[in-house]
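Novice: Using only what follows, build the 3D model:
(one chain, ligands or ions: 1)
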Amino acid sequence: MSGGTIGESMTDVTMTLGGIRLTSLDAGECLYDGGAMFGAVPKVIWESLVPVDDQNRIRLSISPLLIETGDRTTLVDVGFGSRHTKKDLRIFAFVPERNVETALQRMDLTPGDIDTVVLTHLHADHAAGATEDSDEGLVPAFPNARYIVNEREWKDALDPDPRSFAAYRRDDFVPVEEAGQLDLVGDRHDLGDGVSVVRTGGHTAGHLMVVVEDGGRTAIYPADLIPSRHHVRVPYVAGVDTFPLEVIEQKQKVLADAAENGWLVILDHDVDGNVGRIVRDERGRFAFEDLDADLDAG
Ligand SMILES: [Zn+2]
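Specialist: Below is the predicted model:
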C-alpha cells in the first residue's frame, strides 16, 4: 500500500454559503498512527478503509477553514506551522513548505489580513502555526488577529493531564496571551457575521466546533469531533480522544442535525476530500457524501 506517500498536493476547496465564502485550505498533511486514529476499531477493519504504511501510519490532511464575510476574514485552526522539530519531521513526515501561510498566499492573503483566528483546540496539529519565531522571540503569526479559544481548553493546555502532555506545546499559544491577542470564550460564542463557536468537548474538554450560517444555509466545521469521513460512523472514536463517550454523544447529535437539515460539513483531516454532507446509508447509518469543488453550497 502506498499509505506512506506524501507530498502529492491536495487542493483548496472554495464554496459559497449565502454571501459568505468558505475555503477548506490545504495546509499540508502528515502521517499518523492508524491505531491512535481508530481507537477500539480493529485494524483488520480499518485497514480495509485507508492505506497504511509499514509503520502503521495513515495519511491525514491538515485543513484549516477560511471564512470570508465581506468585512472580516476568519481562519479556523492554523495547522502545524513550520516550527517543526527533527522529531516532528521523523514522526509525522511533514513537508515544511506546505503550511497555512503558503495556503493563504494561494488565496492572495497574508497573515496580516486575518482578523480572527479560531483555535478549535490547542493540540499542535491545530495550533502550532499560531506563533512564529522573530527577533524578539516567539510572537503571534497573525499580527492583527484576535485569537479565540475556549476557556476550559486554555486551562487544560496550560496544565495538561499526563496523557495530553505531548500534544500541548506552550510555545504555540502562550505568546498569543503575552501579546494581548487572546479572547477566551465560554460554551457558546457568537463572532458576528453568521459565525459562531460551540463547545462540544469530547476530543478535549474545551474542544470547539464552528458553525457558519447565511441565507438560510448552515455549514459546520466539527474539527476533531469528526476528523475524517470514517469517523462519521458513530462508534469510530479515535484512541486519542480524551472523553470517548462524550464524542459519541455529541457526534450523534451533530450528525443527526446535519443529515436532517442538509448542512454542509467541512472536515479537517480527510485526505480524500473534506467537503460534503451527511446522509444515511441503506442500513440507516450515517455516511459522508462528497460534494465537488468550487460549488455553490447555497
Ligand atoms: Zn487534529
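Novice: contact partners of stretch 210-223?
Specialist: By Cβ atoms under 8 Å, 6 or more residues apart in numbering, the residues outside stretch 210-223 that reach it are 17-20, 22, 65, 67, 69, 76-77, 118, 120-121, 126, 194-198, 200, 203, 207-209, 254, 258, 261, 263-268, 297-298. To be clear about C-beta, it is placed using only N, CA and C from the backbone, and glycine gets the same treatment.
Novice: Pull up the distance across stretch 47-54, start to finish.
Specialist: Stretch 47-54 has an end-to-end distance of 12 Å (criterion: Cα to Cα, to the nearest Å).
Novice: quick one: it to chain centroid distance?
Specialist: The chain centre lies 22 Å from the centre of stretch 47-54; the measure is Cα atoms, centre = their mean, to the nearest Å.
Novice: got the buried residues for it?
Specialist: Using 16 or more other Cβ atoms under 10 Å as the test for burial, stretch 47-54 gives 47, 49-50, 52-53.
Novice: Let me know the closest of the residues you listed to the ion.
Specialist: The ion has its nearest neighbour among the buried residues of stretch 47-54 in Val50, at 15.6 Å by Cβ to the ion.
Novice: need the contact list for the closest one.
Specialist: By Cβ under 8 Å, 6+ apart, the contact set of Val50 is 3, 34, 58-59, 230.
Novice: For the longest helix that the chain contains, list the C-alpha coordinates in PDB.
Specialist: The single longest helix within the chain, with elements called by DSSP state H, is helix 244-261. Taking Å, rounded to 0.1, in the frame of the first residue of the first chain, the C-alpha atoms of helix 244-261 are listed here in PDB:
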ATOM      1  CA  PRO A 244     -14.800   8.900  24.100                       C
ATOM      2  CA  LEU A 245     -18.300   8.600  25.300                       C
ATOM      3  CA  GLU A 246     -18.800  12.300  25.100                       C
ATOM      4  CA  VAL A 247     -17.500  12.200  21.500                       C
ATOM      5  CA  ILE A 248     -20.200   9.600  20.700                       C
ATOM      6  CA  GLU A 249     -23.000  11.600  22.400                       C
ATOM      7  CA  GLN A 250     -22.000  14.800  20.700                       C
ATOM      8  CA  LYS A 251     -21.400  13.200  17.300                       C
ATOM      9  CA  GLN A 252     -24.800  11.600  17.300                       C
ATOM     10  CA  LYS A 253     -26.400  14.900  17.900                       C
ATOM     11  CA  VAL A 254     -24.400  16.800  15.300                       C
ATOM     12  CA  LEU A 255     -24.700  14.100  12.600                       C
ATOM     13  CA  ALA A 256     -28.500  13.800  13.100                       C
ATOM     14  CA  ASP A 257     -28.900  17.600  12.700                       C
ATOM     15  CA  ALA A 258     -26.500  17.700   9.700                       C
ATOM     16  CA  ALA A 259     -28.400  14.800   8.000                       C
ATOM     17  CA  GLU A 260     -31.800  16.200   8.700                       C
ATOM     18  CA  ASN A 261     -31.100  19.800   7.700                       C
END
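Novice: So which bits of that helix are buried?
Specialist: 244, 246-248, 250-251, 254-255, 258-259.
Novice: Distance from the chain centre to the helix or strand following it, please.
Specialist: Reading on from helix 244-261 to the C-terminus, the next helix or strand found by DSSP states H and E is strand 264-266. Its chain's C-alpha centre and that of strand 264-266 lie 12 Å apart, by Cα atoms, centre = their mean.
Novice: Strand 264-266 - which strands sit beside it in the sheet, and in what orientation?
Specialist: Applying DSSP bridges, strand 264-266 is found paired with strand 217-221 (parallel), strand 275-280 (antiparallel).
Novice: ranking the ones you listed by burial, who's on top?
Specialist: Mean neighbours per residue, mean count of other Cβ atoms under 10 Å, is largest over the strands paired with strand 264-266 for strand 217-221, with a mean of 23.
Novice: angle of that strand against helix 244-261?
Specialist: 160 degrees (axes from the mean of the first three to the mean of the last three Cα atoms, to 10 degrees).
Novice: tell me the mean pLDDT over strand 217-221?
Specialist: What strand 217-221 shows for mean pLDDT is 97.
Novice: can I assume Pro140 is in contact with Tyr147?
Specialist: Yes - between Pro140 and Tyr147 there is a contact at 7.0 Å, judged by Cβ atoms under 8 Å.
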